[in-house]
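[1] for reference, the sequence and a predicted model appear below.
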Amino acid sequence: MSTLTDPPKESFRLSMLIYDTRYRSLTFQVIAALVLALSFWFLGNNLIQNLRAAGLNISYSFLGDTSGYDINQVLIDYDSQSTHLRAAIVGVLNTLLVAFFACLTATVFGVIAGVLRLSNNWLVAKVMSVYVEIFRNIPVLIWIIIIFTIMTAVLPGPRAFRGDNATSSMVLDLFAFTNRGIYIPSPQFESGLFASAGLNWLLVIAFLIGSWFATRRVAAWATAKQEKTGERPSTLFINLAIWFVPFVLLMLIMGLTWDVPALKGFNFQGGIKVGGPLIALWFALSIYTGAFIAENVRAGIQAISKGQTEAASALGLRQSRVMNLVVLPQALRVIIPPLISQYLNITKNSSLAIAVGYADITATLGGITLNQTGRAIECVLLLMLFYLTISLLISVVMNFYNNAVKLRER
Amino acid sequence: MNTDIAFVQTETIPPSPPPSSAIGPSKWIKDNLFSSIPNTILTIVTIWLIYTVLMQVVPWVANGVWTTSSLTECREVLQGKTGACFSVLSERWNQILYGFKYPVDSYWRPNLALVLLAFAAAPVMFFDLPRKMLIFTALYPFIAFWLIWGGTILGPLVALLGFVAGGYTFKTLSMKSFAAGFFGAIAAAFAIWIIGGALIPETASENAWLSPVPSRDLGGFMLNLMLGVTCVSLSLPLGVALALGRQSNMPLIKGISVVFIEFVRGVPLITLLFVASVMLAYFFPPDSTVDLFLRVVIMITMFSAAYIAEVIRGGLAALPKGQYEAADSLGLDYPQAMRLIILPQALKISIPGIVNVAVGLFKDTTLVSVISMFDLVGMIRGPILASTEWNGVYWELLGFAALLFFIVCYGISQYSQWLERRLATDHR
């Protein structure tokens, strides 16, 4: 005979906080929160005491003060009477400038090297793997310094271009490679439609964007016609006309002339001066990151199984079409995410500008402004905030892209 | 039968050798270098490029001067020929490797530490070696610290004792309860450190057997190696913890890990080094002085831990869910499941990524030259190139620095490829 009794009423014991899975995660989180709060309190308390001892406070009003230093490479109007805030903005623009161009050229280098590394030409493939291994295994800082040294110590000074027995001459009479920077001709509008040069350039960009949309329309029209009739009309000349005719007309109306740099006195005048530090940073970041991108490109192409290529050949596609229509679209899905994280790396590595004196945000806000005002905490925090914003923006874009190209399976 | 045939071949004709264009080197050259017109052009251009580079570099290296004491003397010896002035390497050898302040009569100490590092790293890198050698690996940090910084041996000894006491407490108490063991171990270690630290006499360092060397006297390539080794080894456990934290289903733990990882990965290392050099001091207790080396180690460790955490997270995500479920169904608790089932597999998958991070980190140690620490790059750009004798010897110095980094980084990446092949236990 047996009687059913209620299971013994569970009473709460202290050890259940650890051994009962219902409470354990709660316990751990409470402990973590306590530790976190304690360490924040400890750090914050230290900070307050240290600041009081040093007679400092946290204030961002220094951003409105006169900066008092000059910057050699600026995109917007700036002089030593401008504020620290404006110096920081100059730095932000310079960072974005070098990062943008380095991303472009690194992609070009990387794609060329990555594709050539898979070439069936043994010598070329070997040379490309040597390039990749050498550049990946040597710190980017050393590359920046090496190229900066080429820029400053190997290129001739402006003096060498002077006189009848000049030892150096301008390339094509248009470009001057000097140890103070590279001088290139700058385009000018004589009869611009707007008073300010910036607005004229915006107009040019607007035209180019318009042309791009027009070519998209043409491609859509060609595809529609191909699906209806089976014949794809040739769009090459139409596209060329769309790109060039409005552009050339605009240039003629606005009176495009080139301001060619010329030696006047001790230095070159006119044209655009691209400073040595900018070139060094730009080129070093490009070839260094290019080596990494080359590996991504190679991995991406190799990730596409051979069956895809064979299937495309079996369908009767030409070699170039196999690449364009079958391999590359699939390879891009593999290549793009690491490519974007390489772009992020370029942006972050551009902070090495401080080593060669290029006035990016790290050099202006984190360098001279910090040293002049002594506002270490504020400057470093602003600096981090800037880079964090850029990183998060790029991550958001990347996630959108990833979702857009994600393989949609049945 | 037809009998007027004069000759009947009764045996088969031996196969004639293939034409010379279809075998051997000539076929290889034709297939691999001159298979088509674009390929031929590429080959010729590449050969020309290699030739140009070699014509520049070979005479420069071959004519190199090794024994002069300044650049002007080099130029006198060379008499206008192209040639390198490698004398800067031989004359400044010690500065390049050890920095300019490390006491000369103590150079054997970092050298010995480097040799011992090979023994300490060997059992970690090669699994066939006897496991007993791991004991030396565990002792190595204390020995290396004592060798490089010198001073009294009591300091590292007390630190070691703290760890031993902690480990012993954990081993005995965790039989009964994991939590008791865990917190007991921490308490025991801190008790030993505090008591031991108080017991060490203030003057112990002054007449120690190894003369004490302050951190700011460290420099040269030694500093790069030290930062690289220390930060990578410290950031591995931290990275594993962060990766597990990010996978955790406790919202607070997960939140802390995510914020930390994303924050650190979103900013460049330079800003973190700025934090170390100008900002971190504000966060320590007012009357404490934490030297720059330690502050830099803290920041670089945080930096690489975030990256390693992401790599390990990739490894954890790559494991099939069945592995987690199998561990649960065997009745393993969380630490056991992680230690015995999940982490060994996840870490194996993440090895190439971890090595990539380690190589990247080692290269990034050159960045400390920006916050005026005299590592290899800092030495070259600072004291050596600024001196009157060697002002202008760029290529030899920068080339040597590049060579040193290339050897180490390329070596590590080759090791990682070997390890990957070695660990490939799945059947393909």
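    Structure's in. What do you need?

[2] and residue 237, how many neighbours?
    No chain was given, so I picked chain A. 8 (other Cβ atoms under 10 Å in any protein chain shown). In this view, the C-beta of every residue, glycine as well, is placed from N, C-alpha and C.

[3] not what I meant, chain B
    Residues near residue B:237, counting by other Cβ under 10 Å: 11.

[4] and the helix or strand that contains it, what's buried?
    Here residue B:237, judged by DSSP states H and E, is contained in helix B:220-247. Buried residues in helix B:220-247, counted by 16 or more other Cβ atoms under 10 Å in any protein chain shown: B:220-236, B:238-240, B:242-247.

[5] for it, name the packing helices and strands.
    helix B:93-98, helix B:108-125, helix B:251-266, helix B:292-318, helix B:343-364, helix B:376-379 (3 or more Cβ pairs under 8 Å, 6 or more residues apart in numbering or on different chains; DSSP states H and E).

[6] can I see the domain layout of the chain?
    You didn't pick a chain, so chain A it is. As assigned by automatic domain parsing, chain A contains the domains A:97-185+A:261-352, A:187-215+A:235-259.

[7] that answer is for a different chain, and I need it for chain B
    According to automatic domain parsing, the ranges for chain B are B:18-59, B:152-209.

[8] so of those, which one's packed in deepest?
    Mean neighbour counts were taken over the domains of chain B using mean count of other Cβ atoms under 10 Å in any protein chain shown, and the top value, a mean of 15, falls to domain B:152-209.

[9] the residue in the stretch 201-350 of chain A that chain B sits nearest to: helix or strand, and which one exactly?
    In the stretch 201-350 of chain A, the residue that lies nearest chain B is residue A:348 (3.8 Å; Cβ to the nearest Cβ). For residue A:348, the host element (DSSP H and E) is helix A:328-349.

[10] any residue of the very next helix or strand once past that helix touching chain B?
    Next in sequence after helix A:328-349, counting helices and strands by DSSP H and E, comes helix A:361-363. Yes. Applying Cβ under 8 Å from any Cβ of the partner chain, one finds helix A:361-363 in contact with chain B at residue A:362.

[11] what sits up against helix A:361-363?
    A:88, A:91-92, A:94-95, A:351, A:353-354, A:357, A:383, A:386, B:268, B:270-271 (Cβ atoms under 8 Å, 6 or more residues apart in numbering or on different chains).

[12] from those residues, which land in strands?
    The members of the contacts of helix A:361-363 all map outside strands under DSSP state E.

[13] and of the residues you listed, the nearest to residue B:357?
    residue B:268 (15.5 Å; Cβ to Cβ).

[14] my guess is the closest one contacts residue A:387, does it?
    Yes. Assessed by Cβ atoms under 8 Å, residue B:268 is found in contact with residue A:387 at 5.9 Å.

[15] so what sits against both of those two?
    Joint contacts of residue B:268 and residue A:387 (Cβ under 8 Å, 6+ apart) are A:348, A:351.

[16] flag every residue of the stretch 301-410 of chain A that's near chain B.
    So the stretch 301-410 of chain A meets chain B at A:348-349, A:351-352, A:354-355, A:362, A:366, A:370, A:376-377, A:380, A:383-384, A:387-388, A:391-392 (Cβ under 8 Å from any Cβ).

[17] double-check that residue A:12 belongs to a strand.
    No. Using DSSP: H, G, I helix; E, B strand; the rest coil, the assignment for residue A:12 is coil, not a strand.

[18] tell me how many other residues crowd it.
    Neighbour number of residue A:12 under other Cβ under 10 Å is 9.

[19] now do it against residue B:250, distance only.
    Noted for residue A:12: a distance of 21 Å to residue B:250, by Cβ to Cβ, to the nearest Å.

[20] cool, and residue A:281?
    44 Å.

[21] and residue A:204, by the same measure?
    56 Å.

[22] which helix or strand contains the most centrally placed residue in chain A?
    Centroid-nearest residue in chain A, with Cα atoms, centre = their mean: residue A:99, separated by 3.6 Å. In the assignment (DSSP H and E), residue A:99 maps to helix A:84-117.

[23] to residue A:124, which of the helices and strands packed on helix B:220-247 lies closest?
    Nearest of those (Cβ to Cβ): helix B:343-364, 25.8 Å.

[24] of all the residues in that closest one, which ones are buried?
    Neighbour-count burial for helix B:343-364, counted by 16+ other Cβ under 10 Å, picks out B:343, B:345-347, B:349-351, B:353-364.

[25] out of the residues you listed, which are close to chain A?
    Among the buried residues of helix B:343-364, chain A is touched by B:359, B:363, B:364 when using Cβ under 8 Å from any Cβ.

[26] could you dump the residues you listed into CSV and include pLDDT?
    Converted to CSV, these look like this (pLDDT from 0 to 100):
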residue, pLDDT
B:359, 91
B:363, 92
B:364, 91
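
[27] and of these, the nearest to chain A?
    Among those, and counting by Cβ to the nearest Cβ, the member closest to chain A is residue B:363, at 3.9 Å.

[28] I'd say the closest one and residue B:409 touch.
    Yes. Counting by Cβ under 8 Å, residue B:409 is a contact partner of residue B:363 at 6.5 Å.

[29] overlap in contacts, these two.
    A:137, A:138.

[30] and for the nearest residue to residue B:270 once chain neighbours are set aside, the neighbour number?
    The shortest distance from residue B:270 to any non-neighbouring residue, by Cβ to Cβ, 6 or more residues apart in numbering or on different chains, is to residue A:351 (4.4 Å). Neighbour count for residue A:351, taken as other Cβ under 10 Å: 27.

[31] go on, residue A:374?
    Neighbours of residue A:374 (other Cβ under 10 Å): 13.

[32] contacts only, for it.
    residue A:56.

[33] helix or strand right after the helix holding residue A:99?
    helix A:122-136.

[34] quick one, what contacts residue A:112?
    residue A:294.

[35] model confidence score at it, please.
    As predicted, residue A:112 sits at a pLDDT of 89.

[36] do you know how far residue A:175 is from chain B?
    Residue A:175 is 22 Å from chain B, where distance means Cβ to the nearest Cβ, to the nearest Å.

[37] please name the nearest non-neighbouring residue to that residue.
    For residue A:175, the spatially nearest residue (Cβ to Cβ, 6+ apart) is residue A:184, at 5.5 Å.

[38] which of the three states applies to residue A:187?
    strand.
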